[in-house]
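In: Model the structure of this input:
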Amino acid sequence: MSEVFGYRVPITAEVRDLARSFYPIGRDYSRTDLGLEAPIVGAFGEAVFATACREIMFATEYVGNRLITHDFESSVGTIEVKTKATNYRPGGEFFAGISARALEFQKADLLAFVSLWPKSNEEDAWSYQEGYVVGFIPRLDFVERARFEPTGTIMGGGRPSTRDMWTVKFRELLPFTSISAAKIPSSF
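Out: From the prediction side, this is the model:
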């Protein structure tokens, strides 16, 4: 694969510390597909996103520790960060997705997607090396453009999905560096 897609953030000690501070304590993840990995991947994704926002001087406030509807608030609206760890650096043909259930209650104005590389786990101390903010999309645009992938659909990693998903390709997202100029479509 020649194209690497997204805004790259090296996973430094500072990003790891930020991920630790974002780690949600007290939530039940026993029913998630990833179990313990779910909040860790999420915290790393949020830390990568926050770091990237700081680098491009886009002010955000992290609220994910107290709300489940979105992770950040900003001058352009609320933002939900969706993260996936993978063994491949992101390419434009990869998929950004959100479960049908999460789309029902996560009503953020914008959806931002982060890819962590390489996929890791507890045994290797969650040794992600890079994060990529692959892009963002207004939620209403996502709902309009996304393709429905029913439970059992073979997804990008070659495994069947364990839940109904809505997906778009990374190349359909807006570039992360344009997020400060985002226009939120009206639902009226």
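In: is the nearest residue to Glu149 once chain neighbours are set aside in a bridge, and if so with what?
Out: The shortest distance from Glu149 to any non-neighbouring residue, by C-beta to C-beta, 6 or more residues apart in numbering, is to Met165 (4.4 Å). Glycine gets a C-beta too; all of them are placed from N, C-alpha and C. Residues in a beta bridge with Met165, per DSSP bridges, are Ser99, Glu149.
In: what about the strands in the protein?
Out: Assigned by DSSP state E, the strands in the chain fall at 7-10, 60-62, 72-74, 77-85, 95-99, 110-117, 130-138, 147-149, 165-169.
In: just to revisit the earlier point, in contact with the residue nearest to Glu149, which residues are there?
Out: With contact set as C-beta atoms under 8 Å, 6 or more residues apart in numbering, Met165 has these partners: 97-100, 148-149, 153, 155.
In: What are the neighbouring residues in contact with the spatially most central residue of the chain?
Out: Centroid-nearest residue in the chain, with C-alpha atoms, centre = their mean: Lys82, separated by 2.2 Å. Shown in contact with Lys82 (C-beta under 8 Å, 6+ apart): 45, 96-98, 111-114.
In: could you redo the last one with a cut-off of 6 Å?
Out: 98, 113 (C-beta atoms under 6 Å, 6 or more residues apart in numbering).
In: do the same with Pro138
Out: 110, 184-185.
In: Among these, which one has the most neighbours?
Out: The residue in those with the most neighbours, by other C-beta atoms under 10 Å, is Leu110 (24 neighbours).
In: Grab the nearest non-local neighbour of that one.
Out: In space, and not counting its chain neighbours, Leu110 is closest to Ile79: 4.7 Å by C-beta to C-beta, 6+ apart.
In: so how far is Val134 from the one you found?
Out: Distance of Ile79 to Val134, given as C-beta to C-beta, to the nearest Å: 14 Å.
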